[in-house]
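# Let me see the structure of the following:
(2 chains)
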Amino acid sequence: MTDSKRSSPPPAPMSIRPIPTDSPIVLQEVTRAFAQVRAIDAISLAVPRGTILGLIGPSGSGKTTTIRTLTGALAPTSGIVRVLGEDPRRFHRRTRERIGYSPQDFVLYQDLTARENVDFMGSLFGMLWRRRRRRVREALELVGLWEARDRRASQLSGGMRRRLELACALVHDPEVLFLDEPTAGIDPILRQTVWQELRRLRDEGRTLLVTTQYVAEAEHCDAVALLSHGRLIALARPEDLRRQALGGDVIEVEVDRPFDARSLAGVEGVTAVRQRDPRSVLVVAENAGMVTPRVVDAIDSLGADVVSSREYRPTFDEVFAELVSRDRLARGLAPDDAEAA
Amino acid sequence: MLFGPLKSFTRVLSFTRKELLEVVRRPGAFFGLVLGPFLIMAIFGIGYSGLRRPLETVLVLPPESGLSQEASAYQELAGPAVHVREVTADADLAEEQLQREEVDLVVIAPADVRQRFVNGRQAEIRVLYNEIDPLLSNYAAFVAYRLQQEVNRAILTRAVEAGQEYVVRATGSDKARAIPAEVVAQPTRADTVNIAQTPPAVVTFFMPAVLALVLQHMAVTLTSLSLVRERLSGAMELFRVSPVGVVEILLGKYLAFGILTALLGGLVTAVGVLLLQVPLLSSPWFLVAVSGLLVLASLGLGLLISAVADSERQAVQLSLLVLLASVFFSGLVLPIGEFHELVRAAAHLLPVTAGIRLLQDAMLRGGTYAGYLIGVLLVITLVYFLLTAILLRRQMARA
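Purely as a prediction, here's the structure:
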């Protein structure tokens, strides 16, 4: 997006400071370096109980490193990590029983059936037989694999394997869930089902940290953390991210004749304008309700008639592209050299 | 309070069940890796008699010796270790036969035995053989020595008989024959008695050794792939996050593979005792205890291999190396007492080394005086378990 008024510095990454330590998931100035490369760089965030935090970013942005640091697979180079109040490198056994994890790659047993795999994971978490039997069925039904329960994992499609992993992560009913791309390779209809289940878990008070490569899935999250090159460049509710990306509310105004958008730059409350086409203008304002009448009046006074004016909702692809691009500009990098989102 | 141990038990059993299912689902790999080598050993056992064939021998007698040219005349003197194929006067032809490996021994008698004897000098019987195998070479030398002893005895007997005849004729007294010529020529003879409870026989002797090797090989092969596969698939990362502990993982695997190995061990023992009539002189419980200890130590060795191997291929290679080392150093083929002390001590790192001796003692002697070997098995079981647990803990920490 070309912006006639974007001279102000990009907003600082929104992190929660001071970090509320009673949150189930807390990262405080966490850095993890591999040799000279910082896979994650001074990330601070907290995920309150009963929240879905979407960890979104281009490939190689540090999503998986963040999750692996939170599960204790990696020790942070610096900073503090707390999950359910404990350092993941020193989890107590009871704490581990409260955590679910689905890694990015398929790691289950090819020669075991879907049911046996889920049952194995349930046993691993110490679930006793009666409860395990019930939960295995519930988990498999949830991901739509109950009918395929007796098929070996090696005979399942890629999407079915992802669902099987999700069932394995859910079987012991964890309080905190770390899901590394749980919807990758799943068809859109099933993806909706999975998100419904994740929201149901959230509504029951569980805390979820989910990475996804589908930017549009940010919509399903309560909060979204955007990572780029290991840095947290934005952390907010999805709606707030939209505002953050575009600098405020966006009004799309259509006029009856060709119109120069720059003539609206001086209207009070307008922070930026953009010419979409000769008869269409995007106006960015801090408060759309107050600014819209002023914009309409300004267009009238310039001899044109407003055909329509409505709130413009950019897609999350646009939002994230904008935020990543802005971050790169702030760091003196070429905006079009960003990682593929 | 009760749930802790119960949960722990559930975790242990989760691995046991998983491992058993994986083995059952991959019967091809199971039979190929584990039973394949033993099919070869079974063929060896059936085809190998353990009895050494008599050495094919040509006897070269000078024409002027006046001795019989009939091979059968010398067979009794030569004994069962030698088969006198022919008697000839042509030494060159006999040597040519030896060169072509058509015969094993050529015995060349001297032309002037009597004259040298009368002159008070030893006659030389030349025994030729053509052998590069050191064991067979020793055997041929031994047979030649024995042959020479027999010839000397025969000569001495005949000389004594002649002497006695001369004295009797000269004195008219029969007292000179009071001591038989055979006794004068060979005043002593060995009366060997084997006090072992079981008469030596190839199948009987090797069956307990094969059982020990089956148990070790099965345990090592099955377990050596187990951990490495999980490490490479990334399952360790899941274990790392879950509440499962290293000891629970190992116990689950010990249990699963212990069950499988015990089943196969039971089968081999049953075949040995019931079909091959190999005796079981000790209490069956002693046999079970020794076998169980051998299996535990072998499972530990297999899991250790699995913990150090970088890939499944390396795990298989290491397992085969263990099998190879076991064949050479365990006492199965070569007597362990013939090795250097250090090698002998190192051989006890292989569970099968103690296993063979203990199982042979249990089955064929009814008990053992090598009780320290039970201690050896206990120690290596513990050491392998601890080493594997330490390595696995490290691997899980960095999974």
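# On the three-state scheme, the residue of the stretch 201-341 of chain A found nearest chain B is what?
Using CB to the nearest CB, the single residue of the stretch 201-341 of chain A nearest to chain B is A:Leu209, 12.9 Å away. C-beta: built from backbone N, CA, C; applies to glycine. Under DSSP: H, G, I helix; E, B strand; the rest coil, A:Leu209 falls in the strand class.
# do you know how far it is from A:Pro174?
The gap separating A:Leu209 from A:Pro174 is 12 Å, by CB to CB, to the nearest Å.
# Then B:Ser291?
Counting by CB to CB - B:Ser291 and A:Pro174 are separated by 43 Å.
# Now do the same contact list for the residue nearest the centre of chain A.
Centroid-nearest residue in chain A, with CA atoms, centre = their mean: A:Gly54, separated by 2.7 Å. By CB atoms under 8 Å, 6 or more residues apart in numbering or on different chains, A:Gly54 lies in contact with A:Val210, A:Thr211, A:Thr212, A:Glu217, A:Ala218, A:His220, A:Cys221, A:Ala223, A:Val224, A:Ala225.
# still on that earlier bit, between A:Leu209 and A:Pro174, which one's more packed in?
When neighbours are counted by other CB atoms under 10 Å in any protein chain shown, A:Leu209 and A:Pro174 differ, and A:Leu209 comes out ahead with 27 against 21.
# Next, the closest residue to the residue nearest to the centre of chain A other than its chain neighbours: phi, psi?
Closest residue to A:Gly54 apart from its sequence neighbours, by CB to CB, 6 or more residues apart in numbering or on different chains: A:Cys221 at 3.4 Å. Backbone torsions of A:Cys221, given as degrees, to the nearest 10, read phi -90, psi 150.
# what's the burial count for A:Cys221?
Considering only other CB under 10 Å, A:Cys221 is surrounded by 25 other residues.
# Over to A:Asp187?
10.
# Same question for the one 10 residues further on.
The criterion is other CB under 10 Å. On that basis, A:Glu197 has 16 neighbouring residues.
# That one in helix, strand or coil?
What three-state DSSP gives for A:Glu197 is helix.
# any idea how far B:Phe117 is from it?
Counting by CB to CB, the gap from A:Glu197 to B:Phe117 is 108 Å.
# What residues does the stretch 51-200 of chain A have near chain B?
Contact residues, the stretch 51-200 of chain A versus chain B (CB under 8 Å from any CB of the partner chain): A:68, A:71-73, A:93-94, A:96-97, A:99, A:101, A:103, A:105, A:107-109, A:111-112, A:116, A:119-121, A:123-129, A:152, A:178.
# From those, list the buried ones, please.
Using 16 or more other CB atoms under 10 Å in any protein chain shown as the burial test, those include A:68, A:71-73, A:96-97, A:99, A:101, A:103, A:107-109, A:111-112, A:116, A:119-121, A:123-127, A:152, A:178 as buried.
# Could you list the contact residues of chain B toward chain A?
Residues of chain B lying near chain A (CB under 8 Å from any CB): B:3, B:6-8, B:10-11, B:13-14, B:17-18, B:21-22, B:25-26, B:233-235, B:237-245, B:398-399.
# filter those residues to the buried ones?
Among the residues of chain B next to chain A, those buried by neighbour count (16+ other CB under 10 Å) are B:7-8, B:10-11, B:13-14, B:17-18, B:21-22, B:25, B:233, B:235, B:237-245, B:399.
# May I have the predicted confidence score for the nearest residue to B:Ser282 once chain neighbours are set aside?
Distance criterion CB to CB, 6+ apart; nearest residue to B:Ser282, sequence neighbours excluded, is B:Ala362 at 4.1 Å. B:Ala362 carries a pLDDT value of 95.
# what's around B:Ala362, how many residues?
Using other CB under 10 Å, B:Ala362 has 23 other residues around it.
# part of a helix, is it?
Yes - assessed with three-state DSSP, B:Ala362 lies in a helix.
# wait, it sits on B:Val290?
Yes - the pair B:Ala362 / B:Val290 is scored as a contact, 5.7 Å apart, by CB atoms under 8 Å.
# and for these two, which residues touch both?
By CB under 8 Å, 6+ apart, no residue touches both B:Ala362 and B:Val290.
# A:Ile251 should be in a helix, yeah?
No - according to three-state DSSP, the state of A:Ile251 is strand, so it is not within a helix.
# Pull the contacting residues for it.
A:Leu282, A:Val283, A:Ala285, A:Ala288, A:Val291, A:Thr292, A:Val295, A:Ser309, A:Arg310, A:Glu311, A:Tyr312.
# Please check the residues you listed and keep the buried ones.
Listed as buried from the contacts of A:Ile251 are A:Leu282, A:Val283, A:Ala285, A:Ala288, A:Val291, A:Thr292, A:Val295, A:Ser309, A:Tyr312; burial here means 16+ other CB under 10 Å.
# Any chance of CSV for these, columns distance to A:Thr77?
Output for these, formatted as CSV (distance: CB to CB, whole Å):
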residue, distance to A:Thr77
A:Leu282, 43
A:Val283, 45
A:Ala285, 43
A:Ala288, 44
A:Val291, 46
A:Thr292, 49
A:Val295, 50
A:Ser309, 51
A:Tyr312, 42
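# got the residues you listed as CSV, with secondary structure columns?
Shown next, in CSV, are the buried ones among the contacts of A:Ile251 (three-state DSSP):
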residue, secondary structure
A:Leu282, strand
A:Val283, strand
A:Ala285, strand
A:Ala288, helix
A:Val291, helix
A:Thr292, helix
A:Val295, helix
A:Ser309, strand
A:Tyr312, coil
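# secondary structure class for residue 50?
No chain in the question, so chain A it is. A:Gly50 falls in the coil class when you classify it by three-state DSSP.
# My question was about chain B, not that one.
Applying three-state DSSP: B:Gly50 is coil.
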